[in-house]
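Participant: below are the sequence and a predicted model for it; my questions follow.
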Amino acid sequence: MAVNAVIKETKLKLQLDGGLNEKGTQIVKAKTFSKVKTDAANENIFSAAESLAGLQEMPLIGIKRIDEIDLQEE
């Protein structure tokens, strides 16, 4: 049985440094951007993320690409 993977939706998630809590553990805040082109190159998404991070009040600590994939039997 062959299965095809079809990307239905792509999102960009910025992980931002929210400081430390009272126990000294890092607080990670997140901003998610929807409607990213599913065929966008990783390099382009990374560049866009860096540009968007420059508009945020908190420093950037991570970039994630989130793909929602449908699996379909051939």
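Facilitator: Received the coordinates, thanks.
Participant: tell me where this protein has helices.
Facilitator: Ranges of helices within the chain are 42-53, based on DSSP state H.
Participant: pLDDT weak spots in it?
Facilitator: The chain contains no residues with pLDDT under 70.
Participant: not counting the lengthiest strand in the chain itself, show me its contacts.
Facilitator: For the chain, the longest strand by residue count, based on DSSP state E, is strand 3-20. The contact list for strand 3-20, computed with C-beta atoms under 8 Å, 6 or more residues apart in numbering, reads 26-34, 36-40, 45, 48-49, 52-53, 56, 58-74. Any C-beta I mention is one placed from the backbone N, CA and C, and that applies to glycine too.
Participant: paired strands for it, with orientation please.
Facilitator: strand 26-36 (antiparallel), strand 60-73 (antiparallel) (DSSP bridges).
Participant: now these in TSV, with mean neighbour count and distance to D17?
Facilitator: Shown next, in TSV, are these (neighbours: other C-beta atoms under 10 Å; distance: least, C-beta to C-beta, whole Å):
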stretch	mean neighbour count	distance to D17
strand 26-36	12	7
strand 60-73	12	5
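Participant: reformat those into a markdown table and put distance to V3 next to each item.
Facilitator: Below are the strands paired with strand 3-20 laid out as a markdown table (distance: least, C-beta to C-beta, whole Å):
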| stretch | distance to V3 |
| --- | --- |
| strand 26-36 | 24 |
| strand 60-73 | 5 |
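Participant: check contacts around A53.
Facilitator: Counted by C-beta under 8 Å, 6+ apart, A53 has contacts L14, L16, P59, L60, I63.
Participant: ok, those vs M1, which is closest?
Facilitator: Nearest to M1, judged by C-beta to C-beta, of those is I63 at 35.3 Å.
Participant: between the longest strand of the chain and helix 42-53, how many degrees?
Facilitator: In terms of direction (axes from the mean of the first three to the mean of the last three C-alpha atoms, to 10 degrees), strand 3-20 departs from helix 42-53 by 30 degrees.
Participant: give the buried residues for strand 3-20.
Facilitator: Within strand 3-20, the residues that count as buried by 16 or more other C-beta atoms under 10 Å are T10, L12, L14, Q15, L16.
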